[in-house]
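Enquirer: what's the 3D shape of this:
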Amino acid sequence: MLFLLAPQQGSALPFFDNLPKFKVRVSENRELQEWLKDQLNEQRKSSSVLKSYEDPLDVARYERGTLEKLLRSRGYYDGRVRQSVTDGEILYRVVPGPVYRINSLEIRMPSHLKPGFPGVGLSVGDPLEAEKVTEGVNRIETYLAESACLLNVDVTYQATVVHSEHAARLEYRVAQSPEVHIGQIFVEGVTTIDEDFLRKRLKLEEGDCFSRKKMDAAKLRMLRTNLVAGVNAEVSEPHGGIVDVTFMVIERKHRTIRLGVGYSSDDGGGVSAGWEHRNILGRGEKIEVETRAYEVAQSLKAELQVPRFFRDDQDFAATAEAENEDRDSYQAESITVGGTISRRHTKHRTFSVGSALKFSEVQEEGEESENYNLLSFPLGLKIDTTDNLLDAHSGATVALEIKPYFDLRGSGTQFTKNTLVMTGYHTFEETRFKPTAALRIKAGVISGADNLEIPADERFYAGGGGSVRGYSYQALGPRRLIPSTAAGEPPELSDPIGGRSLSEISLEGRFRFTETWGGVFFVDGGNAYADPQPSFDDLYWGAGFGVRYMTSFAPLRFDIAFPLDRREGLDDSAYQIYVSLGQAF
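Expert: Numbers count the residues shown, from 1 in each chain. Prediction:
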């Protein structure tokens, strides 16, 4: 049954706006013309007032006022705008007039601070542009915050326009304020957090030069511990050039319980549960326990994360996991324990080193089960410039892991697993629905041992929700020939056995229709190979589309994918369904 809702008077449909087309004409100033046009387009994207108008004349009158304000912001104080409406299209004729320029510039601040001041970025003769004038205020405030100990930094400006001269007088003023230093520092409201731990995060010492900027930075560092829900700084009245500072802290709730259900064509249905404590030892240490029970895989995992491990830029993580897998390719039971140290070399670059010991029993199709005691030493490098971990709109990532393995059972098996993953994101902000182009490339190589000498659960496989959507999990890659038991019958192909190399590529086009709903079209390609030589020439391809519901935490993803290279006799399904939290990559 289909229901149609008639829009109320003055409302706008979410996917279509009915604003009339417009043109802006500025004679002999193409740069100004394009800028005014871009500004009107930006306003149309966000103005609810404009979208409530039905008459083009009302729209034209409203936007005329906007254009006049924009002209003044660029120094055109005599600018005139005329509008006309023809066949529902608006034409704005703009006569900007002369640019008003600064004929005098004065900065009033304490005389002992003036010698080191680099200036406001404006000088006599420059156009009086609002953006540059306010930028001058920010320059003064930044300079005072870094070079003075003022209790309060209050910077204002006054621009006096002289129409007869097509000019303006500009004056910046710094309000009088005493210069003080920090006295005693108090932290209140702490109940379970180690107070010394929070004090070190402040990075403030008694006798330091006072600065509101330092106070804000200290509060931000406390919030970034993820242990504090709110913090306020109270500053005492000056006494002898000294002020005491009290930080009032509101602690977060440190415990979380999670319950979830999910489904995918790969794993079937299942449930998950988790418990997390983000302050187990009082200094931001987090312990997390999670269990997952799906039709083909069950696991129990515990992880302890220690931030600022001996250094502020270094973290430590210890993990223990028990897992049981019943895949088409193999059956495996394993217990893994390990630890990793990660160090942030720069804002975007992180190095990691660790070790892990994995006890496993693995059985492949038609083979006896084998036991392994694999000791590994993973080395990692990650470069991340994206703007959001679970829903990136811009930036890129590069993640490289080199992981040598040694079997301690005396078999002499040694191999090294190398994986490289690269992603890139670009959003076309000026385009309707703000489409984001997302690209992911993954390559892997295992060296040092023949394919069947490597445990089946450590080989590379392709296919599934995190690989090539449209194909079943681990359905792509090399297979063995199984002789037929019936005379004269051709041999059959086994289930995938995994390989020593992997190639994958994915391309997505993501769209935002409203603040909460979006969509995506995607194409994935990939394959696994018995030889350690990844290739992007003979990939299997899948394509599909999906819906995104934007929660406050991350997008909820629903995708349906179709294999483009269905293989006869290998039971490739006509489609696969994926539901999860967060973008595919």
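
Enquirer: surely residue 316 and residue 341 touch.
Expert: Yes - in this structure, residue 316 is within contact of residue 341 by CB atoms under 8 Å, at 5.4 Å. Every C-beta, even on glycine, is put in place using the N, C-alpha and C of the backbone.

Enquirer: list the buried ones in the one helix or strand residue 579 maps to?
Expert: In this structure, residue 579 is located in strand 576-581 according to DSSP states H and E. Using 16 or more other CB atoms under 10 Å as the test for burial, strand 576-581 gives 576, 577, 578, 580.

Enquirer: how far out from the middle of the chain is that strand?
Expert: 21 Å (CA atoms, centre = their mean, to the nearest Å).

Enquirer: which other residues reach it?
Expert: For strand 576-581, the surrounding residues in contact (CB atoms under 8 Å, 6 or more residues apart in numbering) are 262-266, 390, 465, 469-472, 542, 546, 551, 553-563, 584.

Enquirer: list the ones among these that fall in strands.
Expert: Using DSSP state E, the members of the contacts of strand 576-581 that fall in strands are 262-264, 542, 546, 555-563.

Enquirer: average pLDDT across the strand holding residue 579?
Expert: Within the predicted structure, the mean pLDDT of strand 576-581 is 86.

Enquirer: could you give the angle of it to strand 555-563?
Expert: Put simply, strand 576-581 runs at 170 degrees to strand 555-563, going by axes from the mean of the first three to the mean of the last three CA atoms, to 10 degrees.

Enquirer: where does pLDDT dip in the chain?
Expert: Across the chain, the ranges flagged by pLDDT under 70 are 1-17, 263-267, 483-488, 490-491.

Enquirer: for the helix or strand where residue 31 lies, list every residue counted as buried.
Expert: Per DSSP H and E: residue 31 is located in helix 30-46. Under the neighbour-count criterion of 16+ other CB under 10 Å, helix 30-46 has 32, 33, 36, 37, 39, 40 buried.

Enquirer: and it, what does it pack onto?
Expert: On a contact count with 3 or more CB pairs under 8 Å, 6 or more residues apart in numbering; DSSP states H and E, helix 30-46 meets strand 22-26, helix 56-73, strand 89-95.

Enquirer: and of the ones you listed, who's closest to residue 156?
Expert: Set against residue 156 and scored by CB to CB, the helices and strands packed on helix 30-46 come closest in helix 56-73, at 18.4 Å.

Enquirer: in that closest one, what's buried?
Expert: Result for helix 56-73 [16+ other CB under 10 Å]: buried residues 56, 59, 60, 63, 64, 66, 67, 70, 71, 72.

Enquirer: now do stretch 138-152
Expert: Buried, per 16+ other CB under 10 Å, within stretch 138-152: 139, 140, 141, 143, 144, 145, 148, 149, 150, 151.

Enquirer: can you list the ones in strands among the contacts of strand 576-581 in JSON lines and add neighbour count and distance to residue 300?
Expert: Listed next are these as JSON lines, based on neighbours: other CB atoms under 10 Å; distance: CB to CB, whole Å:
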{"residue": "262", "neighbour count": "16", "distance to residue 300": "17"}
{"residue": "263", "neighbour count": "15", "distance to residue 300": "21"}
{"residue": "264", "neighbour count": "18", "distance to residue 300": "20"}
{"residue": "542", "neighbour count": "27", "distance to residue 300": "32"}
{"residue": "546", "neighbour count": "23", "distance to residue 300": "31"}
{"residue": "555", "neighbour count": "24", "distance to residue 300": "28"}
{"residue": "556", "neighbour count": "14", "distance to residue 300": "26"}
{"residue": "557", "neighbour count": "20", "distance to residue 300": "25"}
{"residue": "558", "neighbour count": "15", "distance to residue 300": "28"}
{"residue": "559", "neighbour count": "22", "distance to residue 300": "28"}
{"residue": "560", "neighbour count": "15", "distance to residue 300": "31"}
{"residue": "561", "neighbour count": "26", "distance to residue 300": "30"}
{"residue": "562", "neighbour count": "17", "distance to residue 300": "35"}
{"residue": "563", "neighbour count": "25", "distance to residue 300": "33"}
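
Enquirer: export those residues as JSON lines, with columns for distance to residue 248.
Expert: Shown next, in JSON lines, are these (distance: CB to CB, whole Å):
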{"residue": "262", "distance to residue 248": "41"}
{"residue": "263", "distance to residue 248": "46"}
{"residue": "264", "distance to residue 248": "47"}
{"residue": "542", "distance to residue 248": "55"}
{"residue": "546", "distance to residue 248": "45"}
{"residue": "555", "distance to residue 248": "36"}
{"residue": "556", "distance to residue 248": "37"}
{"residue": "557", "distance to residue 248": "40"}
{"residue": "558", "distance to residue 248": "44"}
{"residue": "559", "distance to residue 248": "46"}
{"residue": "560", "distance to residue 248": "51"}
{"residue": "561", "distance to residue 248": "52"}
{"residue": "562", "distance to residue 248": "57"}
{"residue": "563", "distance to residue 248": "59"}
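
Enquirer: out of these, who's nearest residue 307?
Expert: Once CB to CB is applied, the member of the ones in strands among the contacts of strand 576-581 that ends up nearest residue 307 is residue 555, at 26.9 Å.

Enquirer: and the residue lying closest to the closest one once chain neighbours are set aside, backbone torsions?
Expert: Closest residue to residue 555 apart from its sequence neighbours, by CB to CB, 6 or more residues apart in numbering: residue 548 at 4.4 Å. Per-residue torsions, residue 548: phi -120, psi 130 (degrees, to the nearest 10).

Enquirer: ok, residue 548 - how many residues close by?
Expert: By other CB atoms under 10 Å, 22 other residues sit near residue 548.

Enquirer: quick check: the two most widely separated of the buried residues of helix 56-73?
Expert: In the buried residues of helix 56-73, two members sit farther apart than any others by CB to CB. They are 56 and 72, at 24.8 Å.
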